[in-house]
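1. quick one, structure for this:
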Amino acid sequence: MDTGGRLIAGSHNRNEFVLINAEENSRIKSVKELSGQTCQICEDEIEITVDGEPFVACNECAFPVCRPCYEYERREGSQACPQCKTRYKRIKGSPRVEGDEEEDDIDDLDNEFDYDASDPQQVGEAMLSGRLNTGCGPYPNASGMPARSELDSSPPSSQIPLLTYGEEGLEISADHHALIVPPFMGHGNRVHPMPYADPSVPLQPRPMVPKKDIAVYGYGSVAWKDRMEEWKKKQNDKLQVVKHGGGNDGGKFDGEELDDADLPMMDEGRQPLSRKLPISSSKINPYRMIIILRLAILGLFFHYRLLHPVRNAYGLWLTSVICEIWFAVSWILDQFPKWCPIERETYLDRLSLRYEKEGKPSELASVDVFVSTVDPMKEPPLITANTVLSILAVDYPVDKVACYVSDDGAAMLTFEALSETSEFARKWVPFCKKFNIEPRAPEWYFSQKMDYLKNKVHPAFVRERRAMKREYEEFKVRINGLVSTAQKVPEDGWTMQDGTPWPGNNVRDHPGMIQVFLGHNGVQDVEGNELPRLVYVSREKRPGFEHHKKAGAMNALIRVSAVLSNAPYLLNVDCDHYINNSKALREAMCFMMDPTSGKKVCYVQFPQRFDGIDRHDRYSNRNVVFFDINMKGLDGIQGPIYVGTGCVFRRQALYGFDAPVTKKPPGKTCNCLPKWCCFLCCCSRKNKKTKQRKEKPKKFKPRETSKQIHALENIEGGVIELNSQKSSDTSEMKMEKKFGQSPIFVASTLLENGGIPQKASPASLLREAIQVISCGYEDKTEWGKEVGWIYGSVTEDILTGFKMHCHGWRSVYCIPKRPAFKGSAPINLSDRLHQVLRWALGSVEIFLSRHCPIWYGYGGGLKWLERFSYINSVVYPWTSIPLLVYCTLPAICLLTGQFIVPEISNYASIVFMLLFVSIAVTGILEMQWGGVGIDDWWRNEQFWVIGGASSHLFALFQGLLKVLAGVSTSFTVTSKAADDGEFSELYIFKWTSLLIPPTTLLIINIIGVVVGISDAINNGYDSWGPLFGRLFFAFWVIIHLYPFLKGLLGKQDRMPTIILVWSILLASILTLMWVRINPFVSKDGPVLELCGLNCDD
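-> Residues are numbered from 1 along each chain as shown. As a prediction, this is how the structure comes out:
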């Protein structure tokens, strides 16, 4: 698609569509300049041919006529030019009419029989061709379908049954074989499926040419058997070469051995592209035994707790038991999805052998990469530029990669930064591929602390690296200059270089914008090589429309990419997640393109890895336990959940289609079962057959009929197939209601292998691209409900993956040795809490929606353990209430002198000890098979308490207010000054109300410890025994909140005043309340002893 490097802006609803030329001063060009002419008959625009020239119907006078009018005139009219009256000659790709036999200079027989109505791939291609070959103009009839007369002379279809009269000879003669072709069958420029056959129209036989390729006439012909035999013979010869000298029988075998499933593949290129690596039994079996043992211990624990209430503190006891039951249920939901963890291994060399053969074009599938950004002030353009550069330099065929950047803030800063990035990419991409460097994001490549000369032998590497580093530093200066300029917005808004106002000056009211920076004609790198496509997209926004934030932006990218490139696979990354492993796409293709298991894979999820985090990872930003333990467990069930970035999707799965059904192997027959089962088996079969006979009328067997009846029956079957295609008109309407009113996009959804027609005109593509990103395109469709990213939650990732799994798809978890993607994480406390708050809020929204996994998706393809995981992912914010209450109980017990358990017996001590030991052993075994360090595991446990007492609690109330009351609340973060130096952001303090609950918990527990110890000192030795249980309980809370305490104190070891004031105030109120209710004095008042003094004197 060549747009001349200009920005396309427009609105489908307002019928606005312009090209903004940034190179010529004060000039705005309309879309008609792309074609230059309009048809003088129907006033439609004339399409652009493959050669880039307008379509010319008459070679004598070049009278402007579009292709539909040209073909209509040839079929129904005088077959002559309206101006010079010269007879129209047949143009390649047009159907033949009477009189074309005299023209010997044009032969297009190879394209006459290329339409297969039963193949969705060919249906989609025909629909796209029919829509795009005519630009975007309407059809002659109002319905959008070609008239009956347009189809009369179209080429015959290959789906008509073949008359064989039961004979399958080697020779195909015209006497015995004929294709019965209805006159209306053909593809032409048709968008909608073909109508039902008219029985009054006679069917004309057409002899089949024996010399013509059988594949043209479709699968099922009589020569298919010969071709299959020839193919088997070739495979047999190859297998003999492989088995020569390696078989037990000296390499001798017959053709039947080809069907043996135990035989090895013939060569390395046909081996599986990946394999599962189950966890060794020495690690996983003890782990499973401990889980079962822990369940039994939990049963004993609750048996004791329920049968031994605390009479003098019944409220505390009941509260604690309720909290413990909730924790046990949460543990079960979290634990059992980790029952069958697996790892995977990929074979990139086999992928290359299979799909990248020497001397032939690469057969690897195309991939569209989505990068989403909103506010360049919060998401620095330099970070986005590095992500884009790492995508453009990926180790993948350049013609198979297209990068789409979604600017949901319509910021001119992002547009200009992307323009600079595209220019720098012309130097950076060839440098990366020439020297095979890693990573291919320049900021992280030049800043890594390692020997960059390791394994480098090219003599020019040092010189070119220094030059490239200088180029990148100059690039950074230009980007920084753009950011500095964008700090102050002019009163009249931004203006482009040609004087045109920036269309996105009003962020909430602007047209859709598309700019193709790279990938069009004439743009190459400094070495003259082709570059991947780079497209800037900003969807239309208007007041009064719901735009659905990131999910809506991603759905807009799905549609615009389907129109422009339509790759069968999609990769989405956040703007701050760059490709750290240049072979990441190949890793994903090892699963997606595997011929044995790839068809049911909806997405390949990579783990998230982060840069810039301190060694101790105080706030568990790496989230290693989730990515290295939980996700491996899910991969052994139905696949990992979608985490929002670093994920390669199958486009068909995002369209809401069901997963392909795997044929089950045939069941056992009576020969395989014991004799006593034969009678029962036969009886059951007889009963089934009897029921079927009652329900269905008896059909005559073809073998009992004559050959002529057999042939007529085949024809009847073909007509039935055509009759079934009559309903495809209704199906077409359903497709439009599902996907929207863009025929090009609807047609692209049927192309399982992706791609767009080569004859597509730029004008039609651009017009459709603007239409599919218009703000009202999704109205009354299933976008966000069943198609694309699902709406209804700020965590659209969980919801989208859940819907795919409910459709029967499975996902794959891929962990390459070199991390595929790396990003930046919020390492200071406040930002981290707000990130967790957003995740928890999304889970609450899903819990309160119709898509809640507790009650949604039954009867589909979702497995039970996978459902457990999804239930846990939406229920965990509710754990914040029992967690907050449970963390308050130690302070209450210390302040009141009571406890949640009675005096502990020997039996209770053993049960409690076994419970603590089982918890510890479970964690140790998880760390062992997951490869997680004890520091990461302990940080995860600590932050579970910190997040539960703060972010999860606020998210719960915010979600309830939003869903039930319609009140939207937000928690703002105000930045304070930060110190310079490495990890200086770790010590930044930002005030937020999320900090109050954990700080209050810390203070009241510390006060409780002080009061408890003081009371024990005053009461003597006997009070120390019961005190130890309460102190252990309180120290458990304090130790889990210790990272939070360090975050409050910061680098200067001091606490901000606002936090100190609020926390002391709340803690004092709670303490005074408990002292008032139950002071440490006798109920009858203080005991006064006689001191011997007379106070009356």
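2. could you pull out the helices for the stretch 301-450 of the chain?
-> 314-335, 348-355, 381-392, 412-435, 442-447 (DSSP state H, counting those that start in this stretch).
3. redo these as CSV? Include distance to Ala769, mean neighbour count and mean pLDDT.
-> To be clear about C-beta, it is placed using only N, CA and C from the backbone, and glycine gets the same treatment. Below are the helices of the stretch 301-450 of the chain laid out as CSV (distance: least, C-beta to C-beta, whole Å; neighbours: other C-beta atoms under 10 Å; pLDDT from 0 to 100):
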stretch, distance to Ala769, mean neighbour count, mean pLDDT
helix 314-335, 44, 16, 92
helix 348-355, 29, 17, 90
helix 381-392, 20, 25, 94
helix 412-435, 17, 21, 92
helix 442-447, 30, 18, 91
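4. between those helices, which gets nearest to Ile279?
-> Closest approach to Ile279 among the helices of the stretch 301-450 of the chain is made by helix 314-335 (15.5 Å; C-beta to C-beta).
5. pLDDT weak spots in the stretch 751-900 of the chain?
-> 757-760, 827 (pLDDT under 70).
6. recalculate using a threshold of 50.
-> Within the stretch 751-900 of the chain, no stretch has pLDDT under 50.
7. so which helix or strand of this structure has the lowest pLDDT on average?
-> In the chain, no helix or strand scores lower on mean pLDDT, DSSP states H and E than strand 178-181, which sits at a mean of 32.
8. hmm, who's touching stretch 847-862?
-> Contacts of stretch 847-862 with the rest of the structure, by C-beta atoms under 8 Å, 6 or more residues apart in numbering, involve 638, 658-659, 790, 792-793, 799, 802-803, 805-809, 846, 867, 870-871, 874-875, 877-878, 959-960, 963-964.
9. which parts of that stretch are buried?
-> Across stretch 847-862, burial judged by 16 or more other C-beta atoms under 10 Å covers 847-849, 851-853, 856-857, 861-862.
10. what's the closest of the residues you listed to Cys403?
-> His851 (30.9 Å).
11. next one: the closest one from Leu799, what distance?
-> 6 Å (C-beta to C-beta, to the nearest Å).
12. which residues are common contacts for the two?
-> Between them, His851 and Leu799 share the contacting residues 790, 792, judged by C-beta under 8 Å, 6+ apart.
13. can you show me the strands along the stretch 851-1000 of the chain?
-> 974-975, 990-991 (DSSP state E, counting those that start in this stretch).
14. any of the contacts of stretch 847-862 buried? List them.
-> Judged by 16+ other C-beta under 10 Å, buried ones among those: 638, 659, 790, 792-793, 799, 802-803, 805-809, 846, 867, 870-871, 874-875, 877-878, 959.
15. now, those residues that are in helices?
-> 799, 802-803, 805-806, 846, 867, 870-871, 874-875, 959 (DSSP state H).
16. between those residues, which is closest to Thr495?
-> Leu799 (40.8 Å).
17. ok, the closest one to Leu571 distance?
-> 19 Å.
18. which of the strands of the stretch 851-1000 of the chain has the lowest average pLDDT?
-> Of all the strands of the stretch 851-1000 of the chain, the minimum mean pLDDT falls on strand 974-975 (a mean of 40).
19. so where's the stretch 151-300 of the chain uncertain?
-> 151-199, 201-220, 240-266.
20. circling back to that earlier point, need the max-distance pair from the buried residues of stretch 847-862.
-> Leu848 and Gly861 (24.6 Å).
21. distance check, Ala553 against Asn580.
-> From Ala553 to Asn580 the distance is 24 Å (C-beta to C-beta).
22. restricting to C-alpha, output the host helix or strand of Ser731 in PDB.
-> According to DSSP states H and E, Ser731 maps onto helix 728-739. Only the C-alpha atoms of helix 728-739 are listed here, as PDB (Å, rounded to 0.1, in the frame of the first residue of the first chain):
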ATOM      1  CA  SER A 728     -25.200 -18.400   3.600                       C
ATOM      2  CA  ASP A 729     -26.900 -15.200   2.600                       C
ATOM      3  CA  THR A 730     -28.400 -15.200   6.100                       C
ATOM      4  CA  SER A 731     -25.000 -16.200   7.400                       C
ATOM      5  CA  GLU A 732     -23.500 -13.200   5.600                       C
ATOM      6  CA  MET A 733     -25.900 -10.900   7.400                       C
ATOM      7  CA  LYS A 734     -25.000 -12.500  10.700                       C
ATOM      8  CA  MET A 735     -21.300 -11.900  10.000                       C
ATOM      9  CA  GLU A 736     -22.000  -8.200   9.400                       C
ATOM     10  CA  LYS A 737     -24.000  -8.000  12.600                       C
ATOM     11  CA  LYS A 738     -21.100  -9.700  14.400                       C
ATOM     12  CA  PHE A 739     -18.100  -7.900  12.800                       C
END
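23. average pLDDT for the helix or strand just after that helix?
-> Note on helix 728-739: by DSSP H and E, the next helix or strand toward the C-terminus is helix 743-748. Over the span of helix 743-748, the pLDDT mean works out to 87.
24. so which elements touch helix 743-748?
-> For helix 743-748, the packing partners by 3 or more C-beta pairs under 8 Å, 6 or more residues apart in numbering; DSSP states H and E come out as helix 120-132, helix 549-564, helix 728-739, helix 762-772.
25. pLDDT weak spots in the stretch 501-650 of the chain?
-> Nowhere does the stretch 501-650 of the chain drop to pLDDT under 50.
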